[in-house]
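In: Predicted coordinates and the sequence they were generated for:
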Amino acid sequence: MFVMGNFVGMLANILSWVLQLLQLVLIVNAVLSWFQPRPEHPILDVIENISHVVCAPVRRMFPTAMGGFDFAPLVVLLAIQFVGMGFLVPTLHDIAYRMR
């Protein structure tokens, strides 16, 4: 049974890393939106595409643009903190610990 516990623990760690990377991408995209970087840079395209894919469902459900500011990245960051880091990852770690 300890093998499954190790597997669930590994999944929790991978999920934590992915969520942290997604948070970093959203923050970098928000900061870059304040400046005028060269749009032809491939890394900027990747950051913009990832941010758009993640924020698009929030933009469809709620009117997040107010006064020229888009609050969709903030809503997504809060959701990641609440669901991912505050609930899902610790729960998976707890499950993995109990399986060992």
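Out: Cool, the structure landed.

In: Pro37: how many residues sit nearby?
Out: Residues lying near Pro37 (other CB atoms under 10 Å) number 11. Every C-beta, even on glycine, is put in place using the N, C-alpha and C of the backbone.

In: And the pLDDT for it?
Out: pLDDT for Pro37: 71.

In: for it, helix, strand, or coil?
Out: coil (DSSP: H, G, I helix; E, B strand; the rest coil).

In: Now it. Nearest residue, chain neighbours left out?
Out: Spatial nearest neighbour of Pro37, chain neighbours left out: Leu44 (5.8 Å); criterion: CB to CB, 6 or more residues apart in numbering.

In: So the one you found versus Arg60, what's the distance?
Out: Going from Leu44 to Arg60 by CB to CB, to the nearest Å gives 24 Å.

In: Give me the more crowded residue out of these two.
Out: Using other CB under 10 Å as the criterion, Leu44 and Arg60 rank with Leu44 on top: 15 against 9.

In: which element is that one on?
Out: Leu44 is part of helix 42-61 when elements are defined by DSSP states H and E.

In: Could you check that helix and say which residues are buried?
Out: For helix 42-61, the neighbour count (16 or more other CB atoms under 10 Å) marks 47, 50-51, 54-55, 58-59 as buried.
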